[in-house]
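Visitor: model the structure of this input:
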Amino acid sequence: MEPADKKKRSLVNLFSFLTTCLFLFLAVQFSDGVSGAVSNFATKINKITDSLDKAVLGLSTDVNYTDYNAKTDYLSVNTSFETKGMAGLYNITTLFIKAVMPKDILMQGLVTVDKNKQIHLTYDYADLMWYYQTLVALLVFLALCVVLFPLFFLFFCCCRCCCGNCGARSQPADKKKDLCKKLCQGTVLIVLATGLLFGVVCAFVSNEQMQEGIRDFPNNMNNSIQDTGKYLNHTSGEINHLLVDNYNEFSDALFGVLDNASVAVTSQLEEYSNATAMLQLLDFAHNLTNVQTTLEDLKTSSNRLRVYASQLNDALRKVKKDLTTTLQDCKLDPCNAVRNNVSLLQTNIDFNKYVDRYFPRLPDLSDSITSIEGLGIEDIQTAAENGNENLNNVKKQIADSLKTGIGSAKSQITKSGQDIKTKMNDVTDMINEFQTSLTSTTKEPLEKANDYIAKYGMYRYYAGLTVACVLLLVTVCIALGLICGICGKRPDGFSDNCCNKGAGSQFLICAVVIMFIFGFVISVMTLVSVVVGIVSDKAVCSTFKNPSGSNIMQVLDDLVEFDSFKVSFSSMLKNCHSNQSVYTTFNLKDKFNIAEVRSQFNISEQLSEFNLNKSMFDNFKILDEGNMRIMDNLKNFQTPNLDKFTDELSAKFTNYNLNQLSDKIQEVIDTMKKTQDPGYEDTIRNLQLSQLHLSTYNEKILDPMRNLATQVMTNATELDSMLKMGSDSFNDAVNDLLDKIVKAQDYLLNHGADSLINITDNFKGTIITLVDGYMDRVEYQITNEVGTCGPLSAVINSTLTSTCDKILLPWNGFWFSMFWSILLYIVTIVVAIKLATLYQKYKPYGHGYVETEYLYDAYADSIPLNSRAGKRGKKKGKKSKRYEERHPPNAGHGAVARGSHPVDGRYDDMAPKHPQYLNYLATVDNTSRINHEAFTRF
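Guide: Just a heads-up that it's a prediction; the model follows:
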């Protein structure tokens, strides 16, 4: 940028700055001068508006309501249920119950309730059976199991004992397909045993969990009852806090506003009319005596300061002369420094100089004192009091006009407060009555339940444990039977061991017997448990966990009617689980209608009784003409220039600090002593005397003078502020006050009545806003906050957890374990019997073997020619070896001696009988037997 451009730009900026300053100056002067009245009026109107908002409308926001902060520790929130790995069983059980039961346990229209609360059953057998068909089928199946288990056990015993079947006796050798049968049936039995083991584990664990739930049931119910009592107490406390504590806070604030109604209204009227200038004038009139006293004190203090100044001046001249004489012959360096300081020592004030008599440095207050004495202070004070009395008369009339309406409003608020307390007392009494009834009605049943559980609970536990042990015993027998049957050797008639296939067969038969014997008991227990468990789960647990759409809940809604409040059971549960307030949950509109309470707090009618007398401002004057003339005399008061006190007395009284000078003299003395010159002894004594003089002058003259000067400056400043009253001068202040009083008279005379009505209307609006604020709080708190039902919902959920989850769920799991075992028993019995029969055979299917059925069929009908052979055979069998033990001719023992007895030709046409052929098979080569044994072990 060129230098010329820079210079031009700087000039433009300077011109803009000067122009801005000029306009600001003119604006200030314009607001103070030409448009002073308009600007002053606008400023005052803003001030009045702010003051009105603060003094009246702001009262509604000053009510700080306290909240109810009492903390309650509930025990029900800690109630929980751990499945301990049984979640799968319980889920399967729940799915099974849903499969065998309709979604709603109660058929639509089955149970109806009339107007007299009488229950009626309306049903058709066909529809009823069709609705509950799956449940009926389950119960019929279990009933058949109850009947058929002992019946088939009887058949089994007859078949085994009388007929030799069902594993009692078996053919000694395997058939051709027996190996495949053993493989298949063994595999099936392993699967069945695994399923039975699942039922055993579920039975043990569910029985244990059921016992824990039953054992904890009284304690859990007691916690629920305690939490219910805590909730009711907390709700009562919230109601009491809202309608007693908050009401007291509201009434104190409201009554405080009402009590100050006349003060608030008249204060606003004074603000509107600028009548407050009369109060300022009255204060100044009362302070005129203090002004006169202060002027006289200042005059006396000024004279004392002149005396102190004269004494200080003489003292410093003497010290200066003495030190100059003493140190004139001293050649030491410190002496030179002291001589230089002493030469400069003098006072900065001298109020007694000759010129001060004509041009006093301190103001002469004699004329001001004479002037104030001639004002007539008593007359001025009387005139000011008369003007203030006129204003007080207006205030009194306003207070009398508001008194009736304020009293009626207070009475209405008090009455409404009592009514709301009475209504809520009914609610709290109902709550307390319910709490007492709950405690009294549940105490004895809980104690009995606790006693019954303590006495008989273990029997139920041991019964369930016995059933679980039976299931375990069956599983163990089957497992041992499978182990022996799979891993053991074939049964041997000569040297049988304890873990061969024959032992496995016996274990399986034992398992079958146990299943038959205890199948009846388990079926009966399952039948009873199914009815109790399914009905309880659907009728109680499902209904209370999902109350919406339940037919049982609809019947309860029709049947149960609360005497204290109109609410259905289902809606109460729904609202409670939604954490609604006690007012909404129990539908307390009949007991406590918020709309009616709000109408009772309507005090508009009472506030309309503010009968204001508009004629009170007719011919109204604050100061009459005589009093105004007296007040004009204030303009004749000669005010002193009090600022000169501060200007003169704020300066230092000496140009050199006396204490510092004394220290310098001490340095000279110390230096002289160090020289040890006897010629300095007189000088040292004179210097010490000068030190003493300096200390005395500082203490007796200079310090008191400083203190007095400070007091004079303070009094002068206060007096100056008192006289100027915020203006530039006393005369300006007096003229401004008198002008305001005249304008206030004109305003009240012409506009006072209308302004009073407007102010009163604003005041009424503030009162109504204050009342509405409290009622809004009451309505919101009662409908949304007081007695929120979350804790009670937790109590209900805790109760359902204690009963449905901790007791009924293991109960259903236990009977499902038994039902599962029953289903497996039916198949297991058949498979176990068949497999036990196969395990009893001790001869493999091998070389040179002809199926026994074929031999038996070929020769079964052969008739022996010697009918006595049977009898002879029996007798011979007793005396000789068993035929099976004899060695055939090709058994390796040589040829049989033919003896002298020829072969009996009568028996040549007979086929060899079954025992003889088996005896022949027993002599088969051992090598062949071992080879077959390896793959026929199973």
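Visitor: average pLDDT across the helix or strand containing Phe516?
Guide: Using DSSP states H and E, Phe516 sits within helix 501-536. For helix 501-536, the mean pLDDT works out to 88.
Visitor: who are the packing partners of it?
Guide: Contact here means 3 or more CB pairs under 8 Å, 6 or more residues apart in numbering; DSSP states H and E; on that basis helix 501-536 packs against helix 87-100, helix 133-161, helix 377-487, helix 809-839. C-beta here means a position set from N, CA and C on the backbone, and glycine is covered the same way.
Visitor: point out the most buried one among those.
Guide: Highest mean neighbour count of the helices and strands packed on helix 501-536: helix 809-839, a mean of 23 (counted as mean count of other CB atoms under 10 Å).
Visitor: contacting residues around the helix or strand harbouring Thr671?
Guide: Element membership of Thr671 [criterion: DSSP H and E] is helix 658-675. The contact list for helix 658-675, computed with CB atoms under 8 Å, 6 or more residues apart in numbering, reads 323, 327, 330, 332-335, 337-338, 341-342, 345, 680, 683-684, 687-688, 690-691, 694-695, 697-698, 702.
Visitor: in PDB, list the C-alpha atoms belonging to the following helix or strand past it.
Guide: As assigned by DSSP H and E, the chain's next helix or strand after helix 658-675 is helix 681-697. In PDB, the C-alpha atoms belonging to helix 681-697 read as follows (Å, rounded to 0.1, in the frame of the first residue of the first chain):
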ATOM      1  CA  GLU A 681      30.000  12.400  74.300                       C
ATOM      2  CA  ASP A 682      28.100  15.700  74.500                       C
ATOM      3  CA  THR A 683      27.100  15.300  70.900                       C
ATOM      4  CA  ILE A 684      25.700  11.800  71.600                       C
ATOM      5  CA  ARG A 685      23.700  13.100  74.500                       C
ATOM      6  CA  ASN A 686      22.200  15.900  72.400                       C
ATOM      7  CA  LEU A 687      21.400  13.500  69.600                       C
ATOM      8  CA  GLN A 688      19.600  11.100  72.000                       C
ATOM      9  CA  LEU A 689      17.600  14.000  73.400                       C
ATOM     10  CA  SER A 690      16.500  14.900  69.800                       C
ATOM     11  CA  GLN A 691      15.500  11.200  69.300                       C
ATOM     12  CA  LEU A 692      13.300  11.500  72.400                       C
ATOM     13  CA  HIS A 693      11.700  14.700  71.100                       C
ATOM     14  CA  LEU A 694      11.000  13.100  67.700                       C
ATOM     15  CA  SER A 695       9.400  10.000  69.400                       C
ATOM     16  CA  THR A 696       7.300  12.300  71.600                       C
ATOM     17  CA  TYR A 697       6.100  14.500  68.800                       C
END
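Visitor: what angle do helix 681-697 and helix 658-675 make?
Guide: Here helix 681-697 points in a direction 160 degrees away from that of helix 658-675 (axes from the mean of the first three to the mean of the last three CA atoms, to 10 degrees).
Visitor: buried stuff in helix 681-697?
Guide: Neighbour counts using 16 or more other CB atoms under 10 Å place 683, 687, 690-691, 693-694, 697 of helix 681-697 among the buried residues.
Visitor: by contact count, what packs against it?
Guide: Using 3+ CB pairs under 8 Å, 6+ apart, helix 681-697 sits against helix 276-326, helix 658-675.
Visitor: what sits up against the next helix-or-strand element following the longest one?
Guide: Per DSSP H and E, the first helix or strand lying C-terminal to helix 276-326 is helix 333-344. Defining contact as CB under 8 Å, 6+ apart, one finds that helix 333-344 is touched by 319-320, 323-324, 327-328, 655-656, 661, 664-665, 667-668, 671.
Visitor: was I right to think Thr526 contacts Phe141?
Guide: No: using CB atoms under 8 Å, Thr526 is not in contact with Phe141; the gap is 10.0 Å.
Visitor: picking that back up, so how far is the helix holding Thr671 off the chain centroid?
Guide: Relative to the centre of its chain, helix 658-675 is centred 80 Å away, using CA atoms, centre = their mean, to the nearest Å.
Visitor: which SS class is His120?
Guide: Three-state assignment for His120 (DSSP: H, G, I helix; E, B strand; the rest coil): strand.
Visitor: is it true that it touches Val555?
Guide: No: using CB under 8 Å, His120 makes no contact with Val555, being 10.8 Å away.
Visitor: mind putting the helices and strands packed on helix 501-536 in TSV, distance to Leu573 and mean pLDDT included?
Guide: Shown next, in TSV, are these (distance: least, CB to CB, whole Å; pLDDT from 0 to 100):
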stretch	distance to Leu573	mean pLDDT
helix 87-100	22	90
helix 133-161	26	86
helix 377-487	16	80
helix 809-839	21	88
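Visitor: make TSV out of those helices and add distance to Thr646.
Guide: Listed next are the helices and strands packed on helix 501-536 as TSV, based on distance: least, CB to CB, whole Å:
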stretch	distance to Thr646
helix 87-100	93
helix 133-161	109
helix 377-487	27
helix 809-839	95
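Visitor: quick one: the helices in the stretch 151-300 of the chain, in order.
Guide: Ranges of helices within the stretch 151-300 of the chain are 178-240, 246-259, 261-273, 276-326, based on DSSP state H, counting those that start in this stretch.
Visitor: most tightly packed of the ones you listed?
Guide: Stretch with highest mean neighbour count among these: helix 261-273 (a mean of 21; mean count of other CB under 10 Å).
Visitor: ok, Met515 touching Leu471?
Guide: No: contact criterion CB under 8 Å: Met515 and Leu471 do not qualify, at 9.7 Å.
Visitor: am I right that Gln580 is in a strand?
Guide: No: going by three-state DSSP, the assignment for Gln580 is coil, not a strand.
Visitor: for the closest residue to it other than its chain neighbours, give its distance to Val77.
Guide: Using CB to CB, 6 or more residues apart in numbering and skipping residues adjacent in sequence, the residue nearest Gln580 is Cys789, 5.7 Å away. For Cys789, the distance to Val77 (CB to CB, to the nearest Å) stands at 14 Å.
Visitor: what about these two, which has more around it?
Guide: The residue with more neighbours, out of Cys789 and Val77, is Cys789; 24 against 15, by other CB atoms under 10 Å.
Visitor: so the more buried one makes contact with Lys574?
Guide: No: at 10.2 Å, Cys789 and Lys574 do not qualify as touching, with contact defined as CB under 8 Å.
Visitor: what touches both of the two?
Guide: In contact with both Cys789 and Lys574: no residue, using CB under 8 Å, 6+ apart.
Visitor: who's in contact with Cys524?
Guide: In this structure residue 524 is Val, not Cys. Per CB under 8 Å, 6+ apart, neighbours of Val524: Val146.
Visitor: Asp790: neighbour count?
Guide: Not Asp; residue 790 is Gly. 16.
Visitor: nearest residue to it in space, please, no chain neighbours.
Guide: That would be Asn579: by CB to CB, 6+ apart, it lies 4.4 Å from Gly790.
Visitor: sorry, back to before: quick check: the residue nearest to Gln580 vs Ile757, distance?
Guide: 50 Å.
Visitor: now do Leu345
Guide: 76 Å.
Visitor: settle it for me: which of those two has more neighbours?
Guide: Leu345 (18 against 13).
Visitor: would you confirm that that one contacts Leu694?
Guide: No: applying CB under 8 Å, one finds Leu345 not in contact with Leu694, separated by 9.9 Å.
Visitor: residues contacting Ser821?
Guide: 196, 199-200, 203, 471, 474, 522.
Visitor: low-confidence stretches in the stretch 651-800 of the chain?
Guide: 651, 655 (pLDDT under 70).
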